[in-house]
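Q: how does the following fold in three dimensions:
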Amino acid sequence: MKAFIALLIAIVVLGGGYYWYTSQQTSAPDIDITMDDIDAGDTGTPPTTPAATTVTPAPATGTESGAVKEFTVTGKNFSFAPAAMTVKKGDRVRITFVNESGTHDLRVDGYNVGTKTIQGGASETFEFLADKAGSFEYYCSVGQHRQMGMKGTLTVQ
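A: Numbers count the residues shown, from 1 in each chain. Next up, the predicted model:
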């Protein structure tokens, strides 16, 4: 009787172990991580990034200057160049974000615009109407990149 119970326990343990092992193999995602993706302080969980939006500028109303100000912002670990941009209220702003290395995006506070998260070597362009005066921070929303200095200032005069 003891041998039968021991055999039953062994079958249950082996069956449970096999079930656990196969469920781990089928649910584990394929992850491709480079050293550029690993940042001090990151928790290992993917960041929640606001959805990138591209805004089509509104037509000129007569009070706007109507000028299109174009900027190319280069991002790398962990800075943007240029770190400051200045435009006039009413200008259309076109920003091309060129990511030199790592995984980054570019978001502009106050205008709810920016790029999607892109890999090194890629670029993305977005455009918006600078209809609010003030200073607005632009930054990378991936992980702790903003806190690590990957930010700049857009001044609308």
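
Q: would you agree Thr155 falls within a strand?
A: Yes - counting by DSSP: H, G, I helix; E, B strand; the rest coil, Thr155 is part of a strand.

Q: and the gap between Thr153 and His104?
A: 18 Å (C-beta to C-beta, to the nearest Å). To be clear about C-beta, it is placed using only N, CA and C from the backbone, and glycine gets the same treatment.

Q: show me which of the two is the more surrounded one.
A: His104 (27 against 15; other C-beta atoms under 10 Å).

Q: which ones are touching that one?
A: Counting by C-beta atoms under 8 Å, 6 or more residues apart in numbering, His104 touches 75, 97, 117-118, 140, 142, 145, 150.

Q: most neighbours among the residues you listed, which one?
A: Cys140 (31 neighbours).

Q: from Leu129, how far off is that residue?
A: For Cys140, the distance to Leu129 - C-beta to C-beta - is 23 Å.
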